[in-house]
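Colleague: Quick one: sequence plus predicted model below, questions after.
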Amino acid sequence: MNGDRDSVEPDPEPGDVYGSRDWSEDGIFAVIDQEFRKDILPHCYGDEWLALSMKKVDGMTTPRPDRCYGLEPDWIPGPKGVQLNAELQILAEACPHISYPFFLIEGKSNNGSKIDAQNQARRGGAGLVNAARQLLAKIGELPVIDDGVDDRNFVFSATVYPGGMGIWVHWAELEDGLPLFHMNLLKSIALDDPQQIPESRRVVNNIMCWGWDLKARRLTELNKKMYAWQVRETARIAGGKSSEGSREE
């Protein structure tokens, strides 16, 4: 993943070990068993009947992870009097009740399988990455990347299954002008080994730290640009209606 590029690939286990803390104090919030917004999966079809038909074939249903972490919706406030349109709200809250989701957890009991957890995480991660890309494209901020990835699209996931845990990163790259969605294993942890339990907590905590740092560095600026786009769009629509009224007179 282009390890030679500075600040592109986040490291879920840097040298500093972050202590346990309550991340809700910093605006990071979790929802449980919450179904994602419809139509954020990259495979979705515009025709409703075709979507229903293909869902039976490819098995790609709307993700519903066991847990999903993001920001509290009002943690990064927008300017007073400016209301985002429905499309922007859906893309920013691809998982309802949280904004800019960046980390999801899929767990399986003894009746489930490791592969099932990975497939569910793959689907959820691709959906969140796709929603992030759509949001950036909507406000004219999606960069053209000839080689590599856009770190604003990174999403992490954890798959938990009997005796083990996997930490994954999800992202998108362009190939021949089309986005390809990837999922890569960063770390595998044996939960049946007591000595590795602290490591699992450390890695997850570091992902939370990355999410908070991303909020501070990038999402605050993105939020400003999103509201600025909304102000321009509202003015454009109002100007168009005013012109139409003048022609009718």
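Modeller: Thanks, I have the structure now. Residues are numbered from 1 along each chain as shown.
Colleague: Residue ranges in this structure under the pLDDT threshold?
Modeller: Applying pLDDT under 70 to the chain flags the ranges 1-22, 43-60, 143-152, 216, 240-249.
Colleague: ok, 50 please
Modeller: Applying pLDDT under 50 to the chain picks out residues 1-10, 12-19, 44.
Colleague: With adjacent residues omitted, what lies nearest to the spatially most central residue of it?
Modeller: Centroid-nearest residue in the chain, with Cα atoms, centre = their mean: residue 128, separated by 3.5 Å. Closest residue to residue 128 apart from its sequence neighbours, by Cβ to Cβ, 6 or more residues apart in numbering: residue 155 at 4.5 Å. All C-beta atoms are positioned from the backbone trio N, CA, C, and that covers glycine.
Colleague: where do the strands sit along this structure?
Modeller: 28-32, 67-71, 99-107, 155-161, 164-175, 178-190 (DSSP state E).
Colleague: wait, residue 71 sits on residue 28?
Modeller: Yes. Assessed by Cβ atoms under 8 Å, residue 71 is found in contact with residue 28 at 6.4 Å.
Colleague: ok, those two, which is more surrounded?
Modeller: For residue 71 versus residue 28, neighbours defined as other Cβ atoms under 10 Å are more numerous around residue 71 (24 against 21).
Colleague: Residue 192 versus that one, what's the distance?
Modeller: Remark: distance between residue 71 and residue 192 (Cβ to Cβ, to the nearest Å) = 34 Å.
Colleague: And for residue 94?
Modeller: With Cβ to Cβ as the criterion, residue 94 and residue 192 are 34 Å apart.
Colleague: quick one: which of the two has more around it?
Modeller: Remark: of residue 94 and residue 192, residue 94 carries more neighbours, 26 against 10, as counted by other Cβ under 10 Å.
Colleague: Surely the more buried one and residue 127 touch.
Modeller: Yes. Here residue 94 reaches residue 127: they are 6.6 Å apart, a contact under Cβ under 8 Å.
Colleague: overlap in contacts of those two?
Modeller: 36, 40 (Cβ atoms under 8 Å, 6 or more residues apart in numbering).
Colleague: what about the closest residue to residue 234 other than its chain neighbours, neighbour count?
Modeller: Excluding its sequence neighbours, the residue lying closest to residue 234 (Cβ to Cβ, 6+ apart) is residue 82, at 7.8 Å. For residue 82, the neighbour count with other Cβ under 10 Å is 12.
Colleague: Same question for residue 230.
Modeller: Residues lying near residue 230 (other Cβ under 10 Å) number 18.
Colleague: Kindly report the same for residue 166.
Modeller: 19.
Colleague: What residues are bridge-paired with it?
Modeller: residue 159, residue 188 (DSSP bridges).
Colleague: ok, back up a step: so the residue nearest to residue 234 makes contact with residue 229?
Modeller: No. Using Cβ under 8 Å, residue 82 is not in contact with residue 229, being 10.3 Å away.
Colleague: Let me see the contact set for residue 221.
Modeller: Neighbours of residue 221 in contact, by Cβ under 8 Å, 6+ apart: none.
Colleague: and what of residue 188?
Modeller: Contacts of residue 188 by Cβ under 8 Å, 6+ apart are 164-167.
Colleague: and the gap between it and residue 116?
Modeller: Counting by Cβ to Cβ, the gap from residue 188 to residue 116 is 17 Å.
Colleague: try residue 215
Modeller: 31 Å.
Colleague: same question, residue 137
Modeller: Taking Cβ to Cβ, one finds residue 137 at 32 Å from residue 116.
Colleague: So those two - more neighbours on which side?
Modeller: Neighbours were tallied for residue 137 and for residue 116 using other Cβ under 10 Å; the higher tally belongs to residue 116 (14 against 11).
Colleague: hang on, the residue nearest to residue 128 packs against residue 95?
Modeller: No. The pair residue 155 / residue 95 is not scored as a contact, 10.7 Å apart, by Cβ under 8 Å.
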